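[1] sequence first, then the predicted structure:
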Amino acid sequence: MTRQVSSKNSFSHSDKAYWNLKRKIITLEMEPGAEINEAALTRVFGLGRTPIREALFRLLSEDLLEMRPGRGFFVKHITFKDAKDIFDTLLLLDKIAITSAVNFLTADEINELSQINGTLKGAWQNREYLKVALLNSDFHRLIYNSVNNSFLCSYLNNMQNHLDRLTYMSVSENNDRLRCHFWQSIKEHKEIIEAFREKNVARALEVNIQHIKNFHRTIVGFGDISKNEINFYTRGNGESAVLKEDLFSDEKEAGYLE
């Protein structure tokens, strides 16, 4: 389940556009509400319209973008109400997933969870915040994908797409409260893994419920609940990030954009 680093030749043009756009969305370089300029993307990526559209529709299917009739694609907002709905639903569906995972997870998959959590701890110590968000996502998606229920897995993975942005936002903020929260999250992951090894459903559920509630309390610390706004911090002057070609210079240097 852990993402494997692939050579650039193994990526299709659509994959390259998808992963680079997704990275910009998760790291908030493409801010919630930003308009997607397809013409600018074809120029920046040096690709035709078809792979760009394929990437955009893939992100639309993951609920990270929205399409407005007559206007095109926009990065989807997350409000406090959205976050509350996500966490409330997560508490219900994760209960099913955790209960099933106790029975379905193999020893190899449990070991993989442990490896992911160890790598996650190292990424956190090294302040590799995008890697932290993606590894945290991998941890939970491995559990979801183990339960042999395609509908449940689909709903949970969709919610995880939004949680990836919230995770990045929370871990990349430099304050003691958030640092303590994420160390606690890594500890809770370890406790969940041990509960899986022991096939202890009650313990796994107890820790996971606390894990979700702790994250929700952390997100409440961002923004103004009365205005239903989460303060995603901004980069630059608030212009649509996708129009700034220099944002993609690191991908060009790494060989992901040709």
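    Structure received.
[2] skipping adjacent residues, who's closest to I52 in space?
    Take I52 and drop its neighbours on the chain: the residue closest to it by C-beta to C-beta, 6 or more residues apart in numbering is L41, 5.0 Å away. C-beta: built from backbone N, CA, C; applies to glycine.
[3] my read: the one you found touches Y18, true?
    No. Look at L41 against Y18 with C-beta atoms under 8 Å: they stay out of range, at 11.4 Å.
[4] tell me, how many neighbours does the residue nearest to N149 when sequence neighbours are not counted end up with?
    In this structure, N149 finds its nearest non-sequential neighbour in S100, 6.9 Å apart by C-beta to C-beta, 6+ apart. Neighbourhood size, S100 [other C-beta atoms under 10 Å]: 18.
[5] what are the ranges of the helices in the stretch 101-250 of the chain?
    Per DSSP state H, counting those that start in this stretch, the stretch 101-250 of the chain carries helices over the ranges 107-125, 129-145, 150-172, 176-198, 201-220, 249-254.
[6] what's the most buried one of those helices?
    helix 129-145 (a mean of 21; mean count of other C-beta atoms under 10 Å).
[7] now the angle from it to helix 201-220?
    Here helix 129-145 runs at an angle of 140 degrees relative to helix 201-220 (axes from the mean of the first three to the mean of the last three C-alpha atoms, to 10 degrees).
[8] for the remainder of this discussion, apply numbering that starts at 123.
    All right, first residue 123 from here; so that's helix 251-267.
[9] follow-up on the earlier one: show me the contacts for the residue nearest to I174.
    L163 sits next to 139, 143, 169, 174, 364 when contact means C-beta atoms under 8 Å, 6 or more residues apart in numbering.
[10] quick one: neighbours of the first one, just the number.
    What it means is A139. Close neighbours of A139, defined as other C-beta under 10 Å, add up to 26.
[11] against K198, how distant is it?
    The span separating A139 from K198 equals 18 Å under the rule C-beta to C-beta, to the nearest Å.
[12] can you list the domains in the protein?
    Per automatic domain parsing, the domain ranges recorded for the chain read 130-200+355-376, 202-349.
[13] part of a helix, is the residue nearest to I174?
    Yes. Membership of L163 in a helix is supported by DSSP: H, G, I helix; E, B strand; the rest coil.
[14] got a pLDDT number for L379?
    Predicted confidence (pLDDT) for L379: 37.
[15] okay, and for the stretch 173-322 of the chain, where does confidence drop off?
    Residues of the stretch 173-322 of the chain that meet the criterion pLDDT under 70 lie in 296-300.
[16] try 80 this time
    Where the stretch 173-322 of the chain drops to pLDDT under 80, the residues are 295-303.
[17] I174 and E151, how far apart?
    I174 is 18 Å from E151, where distance means C-beta to C-beta.
[18] same thing with H303?
    To E151, H303 is 23 Å away according to C-beta to C-beta.
[19] gap between the residue nearest to the spatial centre of the chain and R145?
    Taking C-alpha atoms, centre = their mean, the centroid of the chain lies closest to D286, which sits 2.0 Å from it. For D286, the distance to R145 equals 10 Å [C-beta to C-beta].
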